[in-house]
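Undergrad: need a 3D model of the following:
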Amino acid sequence: MPARLIVYPPEAAAISRWIPAGSRLRIGRDPACELRIDHPSVSRQHAELTHGADGWRLLDSGSKNGSHVDGIQVAQAVLERSEAWLRFGDVLCEFSLHDEAEAQAWQERERERRALSQAWTRRLEVGAAPPAEAAMAGDFDDAAAAADLPGDILRGVVELAGCSRGFLLLAQGEDFLVQASLSLEHEDLNARAFSGSVGAVQRSLRERQPVVVNWIDDDPWLAQRSSVVTGGLQSLVCLPLLHAGRVLGAVYADRRGAGEAISQFDMELLAAFADSAALWLLAQRAFEALQPPAAPLRWTRVLGAQATSS
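TA: Got it, this is the predicted structure:
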């Protein structure tokens with residue numbers, strides 16, 4: 001019976017691996033391991049999962065910080081239950097058994113998600129075209145919908161990340177404008193309950209790198225913020241929009257409640273989509289030419305509201 005292991009490294013995308021029946025998976029920081037976990041608490045050769053006549057077995061490889069099954073440190077253990085929580089050093093992992101049909105269904109889901117990413121990228125291409133050409137492309141019910149390039153970028157990120165709300169920033173001079181939002185009003189962005197997420201956006205813009213958190217309760221730089229706990233956030237992702245070293249903006253999305261982990265596979269799709277979004281923003285000169293909303297919400301105003309409400 002094949003198994004699935006989902007690794008949740010702190011402050012990084014989840015790593016998902018399907019392990020065929022009868023195989024072995026070495027786990028550690030060493031690049032030679034089939035599953036490499038780049039975290040200081042994980043040894044170079046930390047542990048391995050093997051499948052034999054007695055089912056799946058976890059073997060610790062003499063690691064410094066130990067291997068755990070459902071909170072109990074083990075040198076070796078047979079994984080008899082269909083689901084278990086493993087921990088290597090400080091890195092939590094979800095282990096589960098599946099039949100062949102479930103494994104194939106998951107692989108089909110990944111193909112569908114790749115096709116969805118391609119469809120959203122195509123939608124950006126049409127959205128960046130002049131309205132008349134967009135209408136001729138036949139991808140939208142009306143040409144006006146095709147002109148909402150920021151909205152399409154935001155909706156694409158929210159759907160691909162499995163989130164429920166978000167917003168898109170575009171740079172204007174020394175500031176950023178909230179150019180599109182989904183299930184968030186200006187009042188929501190100004191409210192103290194949003195302050196934890198503001199930190200994720202600031203970090204993504206400052207470091208020019210994606211920020212992804214799957215378990216906010218376990219994340220040291222977010223879990224201690226009362227605003228995050230009050231808001232009930234579970235996962236978030238923020239992608240900078242970059243081109244040739246220039247910061248065009250950022251896309252933020254989050255969700256409350258349970259959902260599928262944002263994995264490395266998802267982040268690859270999201271990063272490629274963000275790259276396409278930046279190119280189409282430039283191609284349409286939307287970066288300079290998009291008309292701001294009637295009452296544009298400036299990022300400095302959001303930050304100011306957070307400071308005064310803390």
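
Undergrad: shouldn't S61 be in contact with R44?
TA: No: counting by CB atoms under 8 Å, S61 sits too far from R44 to count as a contact (9.1 Å). In short, each C-beta sits where N, CA and C put it, glycine included.

Undergrad: quick check: neighbours shared by these two?
TA: G28 (CB atoms under 8 Å, 6 or more residues apart in numbering).

Undergrad: quick one: the helices in this structure, in order.
TA: Secondary structure of the chain (DSSP state H): helices at 100-127, 131-137, 143-146, 149-160, 186-190, 195-207, 226-231, 264-283, 286-289, 299-309.

Undergrad: contacts for stretch 153-161, please.
TA: Stretch 153-161 is contacted by residues 113, 116-117, 120-121, 123-124, 163-168, 180-182, 237, 239, 251, 253, 255, 262, 266, 269-270, 273-274, 277, 281 when judged by CB under 8 Å, 6+ apart.

Undergrad: give the contact list for G151.
TA: Counted by CB under 8 Å, 6+ apart, G151 has contacts 168, 180, 182.

Undergrad: same question for S183.
TA: When contacts are taken as CB under 8 Å, 6+ apart, S183 is in contact with 164-166.

Undergrad: what about 7 Å?
TA: S183 is in contact with 164-165, counting by CB atoms under 7 Å, 6 or more residues apart in numbering.

Undergrad: and the gap between it and G89?
TA: Going from S183 to G89 by CB to CB, to the nearest Å gives 37 Å.

Undergrad: highest average neighbour count across the helices of the chain?
TA: helix 149-160 (a mean of 22; mean count of other CB atoms under 10 Å).

Undergrad: give me the angle between that one and helix 264-283.
TA: Helix 149-160 runs at 180 degrees relative to helix 264-283, counting by axes from the mean of the first three to the mean of the last three CA atoms, to 10 degrees.

Undergrad: just the buried residues of stretch 16-28, please?
TA: By 16 or more other CB atoms under 10 Å, the buried positions in stretch 16-28 come out as 16-19, 25-28.

Undergrad: distance across it, terminal residue to terminal residue?
TA: 15 Å (CA to CA, to the nearest Å).

Undergrad: swap in stretch 149-169?
TA: Taking CA to CA, stretch 149-169 runs 12 Å from one end to the other.

Undergrad: also stretch 234-250?
TA: So stretch 234-250: terminal residues 20 Å apart, CA to CA.
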